[in-house]
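Engineer: Mind looking at a prediction? Sequence and model below.
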Amino acid sequence: PIGQIENRETMSSVGQIEKRTQARVVKLFRDTLGYDYLGDWIDREDNRNIEPELLSAFLKTQGHDESLIKKVLYQLEKAAGDTSKSLYDRNRAVYELLRYGVKVKTDVGENTQTVWLIDWKRPLENHFGIAEEVAVTAADPKAHGKRPDVVLYVNGLALGVLELKRSTISVAEGIRQNLDNQKKFFIEHFFSTMQFVMAGNDTEGLRYATIQTPEKYYLTWNEDSDIENPLD
């Protein structure tokens, strides 16, 4: 029927508008902020909130060997993936490892040493990456997977997620999308490392919060800037 065809065409053009905003935001992160573009991960398999190759590469630059890196990854993945705990508790455990380092022993009887997942003393020595259309498999086999618009990675750890809407659609829609994604049967597991959960458009700018924050408590990002567009 003609109505259905028109509706599909409208949906397609709406998607194109949001895609243009997304492309601009990705370009800003890449060209202005110096993030590495990791790619469009819509068809990439096994997208995760801990990307072992990227984290291992960073830890190698810190002078750690393979056996120690394996122990660090084990502890981090155990904290992030412990489904016996709530999302809040998993996220808190990951935050503590980010903030205070991972305590590991190189061998039995050896002294414990602290391995830093983030170089807090030299921020620019960290690896900043951005990926778009990050397809994540749902926890429940009966549920559809989800695809966050933009995910920000630091040393291979997904620390920020951003849902983008066109200017005529309220940022609230992006916030609700984030909250839906955090439901247990969707991709709750992907949020165990997230520190910033964000939504934005070109008219209202950016809203941000931490995991599981109800919509009404999202904050507006306010910053003096010469950049005219409030989202940028």
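Structural biologist: Great, that's in hand.
Engineer: who touches the lengthiest strand in the chain?
Structural biologist: Scanning the chain for the longest strand, with DSSP state E as the assignment, gives strand 157-164. Residues from elsewhere that reach strand 157-164 (Cβ atoms under 8 Å, 6 or more residues apart in numbering): 18, 21-22, 25, 48-51, 55, 98, 117, 148-153, 174-175, 177-178, 181, 190-191, 193-201, 231. (Each C-beta comes from the backbone N, C-alpha and C, glycine too.)
Engineer: Could you tell me which of the residues you listed belong to helices?
Structural biologist: 18, 21-22, 25, 55, 98, 174-175, 177-178, 181 (DSSP state H).
Engineer: of these, closest to Glu110?
Structural biologist: Closest approach to Glu110 among those (Cβ to Cβ): Leu55, at 22.3 Å.
Engineer: excluding its backbone neighbours, what's nearest that closest one?
Structural biologist: Sequence neighbours aside, Gly156 is the residue nearest to Leu55 in space, at 3.7 Å (criterion: Cβ to Cβ, 6 or more residues apart in numbering).
Engineer: again, but for Phe196
Structural biologist: With sequence-adjacent residues excluded and distances taken as Cβ to Cβ, 6+ apart, Phe196 is closest to Gly160, at 4.1 Å.
Engineer: tell me the pLDDT at Lys70?
Structural biologist: Per-residue confidence (pLDDT) for Lys70: 96.
Engineer: Which strand or helix spans it?
Structural biologist: Here Lys70, judged by DSSP states H and E, is contained in helix 66-81.
Engineer: so how far is that helix off the chain centroid?
Structural biologist: Mean-position distance between helix 66-81 and its chain equals 19 Å (Cα atoms, centre = their mean, to the nearest Å).
Engineer: now swap in stretch 132-143 and tell me
Structural biologist: Taking Cα atoms, centre = their mean, one finds stretch 132-143 lying 14 Å from the centre of the chain it belongs to.
Engineer: what about that stretch, average pLDDT?
Structural biologist: On average, stretch 132-143 scores 95.
Engineer: try stretch 74-81
Structural biologist: Taken as a whole, stretch 74-81 has an average pLDDT of 98.
Engineer: same question, stretch 194-205
Structural biologist: On average, the pLDDT along stretch 194-205 is 97.
Engineer: ditto for stretch 22-41
Structural biologist: Mean pLDDT, stretch 22-41: 97.
Engineer: Stretch 89-109 too?
Structural biologist: 92.
Engineer: just how off-centre is that stretch within its chain?
Structural biologist: Worked out by Cα atoms, centre = their mean, stretch 89-109 lies 20 Å from the chain centre.
Engineer: Stretch 157-175 now?
Structural biologist: That offset, for stretch 157-175, works out to 12 Å (Cα atoms, centre = their mean).
Engineer: Stretch 49-62 now?
Structural biologist: Relative to the mean C-alpha coordinate of its chain, stretch 49-62 is positioned 16 Å out (Cα atoms, centre = their mean).
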